[in-house]
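>>> this one's sequence-less:
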Ligand SMILES: NC(=O)C1=CN([C@@H]2O[C@H](COP(=O)(O)OP(=O)(O)OC[C@H]3O[C@@H](n4cnc5c(N)ncnc54)[C@H](O)[C@@H]3O)[C@@H](O)[C@H]2O)C=CC1
Ligand SMILES: O=C(O)[C@@H]1CCC=N1
């Protein structure tokens, strides 16, 4: 299977790292592009694959897709339509175009790609880099079972793959795509206040990171439920109960809802903003 990545950046870099580590693709079967020559050089040495740049060769994307079975497009949502419009004449008809972009619908993509070009929209998250990612995957009309399986294989070794309808991708952005940032924010805040309470900053950061990791591993154990794990930490009238009460009294439930609604809303706005 030949894979081309147009826009090898943070997200597609995480997917590639996971896929290479899991043996889903061989480095010699991957071609990738970036915008600048400097980022191409950096990405090539980071991932050990061939990376060309638009800066050095304005036809770089066209050359990169010449033999591709799967074309993973990792440019920013605002650049999707221009990138696909330019690329369209060079795609093999059977190449599956896979998007990771928030807020760019398959209808928008189909409008600028050749008629019948197979399209799969996905919403991944960056923990794919470490084999613990999530990806929501919505194959478009006309994508064969074989093509769906080939795309799925790219992600399968490095995370949880959840088939969804395209309309559910806004919920996937809010629940998984953006969600690592919520956890990192919590870790930042815990570490900062631990330092304010008298710990040295490096120890507080290390404690927050190790705690998030440990809690994540516990959540992944067979039959684990977040609520039960939380309650197991909360001794009656103990320290955790006071902390959890403070979170809930302070509106954390509502705040999480509002944060997730804001992410999903932005995904929908982008569909309007970046539509073809
Ligand atoms: N960062 C994240 O956690 C997630 C990002 N996404 C999606 O991933 C996409 C990329 O986001 P990031 O990886 O964060 O951005 P990024 O800026 O790290 O990567 C974008 C890459 O595209 C390249 N690029 C831009 N225009 C190009 C062109 N015309 N031809 C070839 N390469 C080009 C840039 O050089 C860069 O390497 C977005 O559509 C975003 O919605 C989806 C889920 C999670
Ligand atoms: O923030 C963003 O728009 C992208 C999509 C999900 C995570 N990062």
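Perfect, thanks for sending it. Just so we're clear, the structure is a prediction, and the values are computed from it rather than from any experiment. Ligands and ions are numbered 1, 2, ... in the order given.
>>> how many other residues sit next to the closest residue to ligand 1 within the stretch 1-150 of the chain?
Using CB to the nearest ligand atom, the closest approach of the stretch 1-150 of the chain to ligand 1 is made by residue 9 at 1.9 Å. Using the backbone N, CA and C atoms, a C-beta is placed for each residue, glycine as well. Residue crowding around residue 9 was assessed by other CB atoms under 10 Å; the count is 17.
>>> pretty sure it contacts residue 79?
No. Counting by CB atoms under 8 Å, residue 9 stays clear of residue 79, with 11.0 Å between them.
>>> give me every residue that touches residue 178.
By CB atoms under 8 Å, 6 or more residues apart in numbering, residue 178 lies in contact with 125, 263.
>>> one more time with 7 Å
residue 263 (CB atoms under 7 Å, 6 or more residues apart in numbering).
>>> likewise residue 24?
153-154, 156-157.
>>> again, only using 8 Å
18, 153-158.
>>> Would you mind listing what in this structure touches ligand 2?
With CB under 6 Å from any ligand atom as the criterion, the chain meets ligand 2 at residues 102, 173, 177-178.
>>> What is the most widely separated pair among the residues you listed?
With CB to CB as the measure, no two of those lie farther apart than 102 and 178, at 8.3 Å.
>>> any idea how far residue 215 is from residue 249?
22 Å (CB to CB, to the nearest Å).
>>> If you could redo that for residue 98, that was the one I meant.
32 Å.
>>> of these two, who's got more company?
A direct count of neighbours by other CB under 10 Å for residue 98 and residue 215 places residue 98 higher, at 28 against 15.
>>> going on from the helix or strand hosting the more buried one, what's the next piece of helix or strand?
Using DSSP states H and E, residue 98 maps to strand 96-99. Using DSSP H and E, the helix or strand that follows strand 96-99 in sequence is helix 106-112.
>>> For residue 69, which residues are in contact?
1-3, 92, 94-96, 150.
>>> Mind doing that once more with 10 Å?
Going by CB atoms under 10 Å, 6 or more residues apart in numbering, residue 69 touches 1-4, 29, 92, 94-96, 147, 150-151.
>>> Leaving out chain neighbours, which residue sits closest to the closest residue to ligand 1 within the stretch 151-276 of the chain?
Ligand 1 sits closest to residue 177 of the stretch 151-276 of the chain, with a gap of 4.2 Å, by CB to the nearest ligand atom. By the measure of CB to CB, 6 or more residues apart in numbering, the closest residue to residue 177 outside its immediate chain neighbours is residue 123, 4.6 Å from it.
>>> tell me the secondary structure for that neighbour?
strand (DSSP: H, G, I helix; E, B strand; the rest coil).
>>> right, and it touches residue 175 too?
Yes. With contact defined as CB atoms under 10 Å, residue 123 and residue 175 form a contacting pair (9.2 Å).
>>> which neighbours do these two share?
Going by CB under 10 Å, 6+ apart, residues that sit against residue 123 and also against residue 175 are 134, 136, 162, 168.
>>> And those residues, which of them are buried?
Those of the shared contacts of residue 123 and residue 175 that meet the buried threshold are 134, 136, by 16 or more other CB atoms under 10 Å.
>>> taking the shared contacts of residue 123 and residue 175 one by one, which sit in strands?
Among the shared contacts of residue 123 and residue 175, the ones falling in strands (DSSP state E) are 134, 136, 162.
>>> tell me the helices in the stretch 1-150 of the chain, going along the chain?
Per DSSP state H, counting those that start in this stretch, the stretch 1-150 of the chain carries helices over the ranges 10-22, 37-47, 60-64, 77-87, 106-112, 145-156.
>>> Fine by me, we can end here.
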